[in-house]
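S.K.: Curious how this folds, go ahead:
(2 chains)
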Amino acid sequence: GESVGLHLPTLSVQEGDNSIINCAYSNSASDYFIWYKQESGKGPQFIIDIRSNMDKRQGQRVTVLLNKTVKHLSLQIAATQPGDSAVYFCAENSGGSNYKLTFGKGTLLTVNP
Amino acid sequence: DGGITQSPKYLFRKEGQNVTLSCEQNLNHDAMYWYRQDPGQGLRLIYYSQIVNDFQKGDIAEGYSVSREKKESFPLTVTSAQKNPTAFYLCASGTGQGARSPFFGQGTRLTVV
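M.R.: Numbers count the residues shown, from 1 in each chain, chains lettered A, B, ... in the order given. Okay, the predicted model is just below:
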């Protein structure tokens, strides 16, 4: 039978298209969120972050949207390039004196040339 | 160059042997973390340290031990008590401000045979 957790959600897009990667977070008390990009065999690389007092933040070719009402986070990548192919993780921090980040399972983005 | 270095990149050990993974940072960060990543899954926190000579268990600490004798170093020992030690291990460091966007090393892939 199929093993739980071995199959990541996947998103396949054409080069030049915009990509939207979604993440549902669990803790309504979380006050800080991060998106990471992880290429095969490497450590996660910071992309963009957002605090809970914001609902949108833009970086270079990336935008993060936060909807606290439904506990949803999304990462938008404009003009997706082959080099964007990777696994993307969202992470949340519940704040306070807790130094721990909780990571989602990730989404595999494949960009077709 | 400032950064976080994990060594070795690949490590093989026989079942029943303890093994220590190295993590060094020269970013002057107070906080350091160890995560474990299994195929197709997110990162799970093993141990974290907010300051020298202090560390706390994460979500999956059983079978692991750490020390934090120096600010720059946070070695992780995978003991023989860890039932399923084969995994990708990631070390991270941060400013300690509520785990704000920690930086990750490139990981050590441990295989136990």
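
S.K.: Distance of the closest residue to A:Asn93 other than its chain neighbours relative to A:Val111?
M.R.: Once flanking residues are discounted, A:Asn93 sits nearest to A:Tyr32: 4.4 Å by C-beta to C-beta, 6 or more residues apart in numbering or on different chains. For the C-beta atoms, the positions are set from N, CA and C on the backbone; glycine is no exception. Counting by C-beta to C-beta, to the nearest Å, the separation of A:Tyr32 from A:Val111 is 28 Å.

S.K.: check whether the helix-or-strand element of chain A with minimal mean pLDDT contacts chain B.
M.R.: Lowest mean confidence among the helices and strands of chain A (mean pLDDT, DSSP states H and E): strand A:101-103, at a mean of 86. Yes - between strand A:101-103 and chain B, judged by C-beta under 8 Å from any C-beta of the partner chain, the touching residues are A:Leu101, A:Phe103.

S.K.: so after that strand, what's the next helix or strand?
M.R.: strand A:107-112 (DSSP states H and E).

S.K.: Note down every partner strand of that next one and its orientation.
M.R.: strand A:10-14 (parallel), strand A:86-93 (antiparallel) (DSSP bridges).

S.K.: and the longest one, what's its mean pLDDT?
M.R.: Think strand A:86-93. Per-residue pLDDT values across strand A:86-93 average out to 93.

S.K.: cool, and stretch A:67-81?
M.R.: 96.

S.K.: Also stretch A:45-64?
M.R.: 95.

S.K.: Show which residues not belonging to that stretch make contact with it.
M.R.: With contact meaning C-beta atoms under 8 Å, 6 or more residues apart in numbering or on different chains, stretch A:45-64 is reached by A:30-39, A:65-68, A:73-79, A:88, B:100-101, B:103-104.

S.K.: if we go to 7 Å?
M.R.: A:30-38, A:65-66, A:68, A:73, A:75-79, B:101 (C-beta atoms under 7 Å, 6 or more residues apart in numbering or on different chains).

S.K.: can you tell me which residue is nearest the centre of chain B?
M.R.: Computing the C-alpha centroid of chain B and ranking residues by C-alpha atoms, centre = their mean puts B:Trp34 first, at 3.0 Å.

S.K.: Does it belong to a helix, a strand or coil?
M.R.: Counting by DSSP: H, G, I helix; E, B strand; the rest coil, the backbone at B:Trp34 sits in strand.
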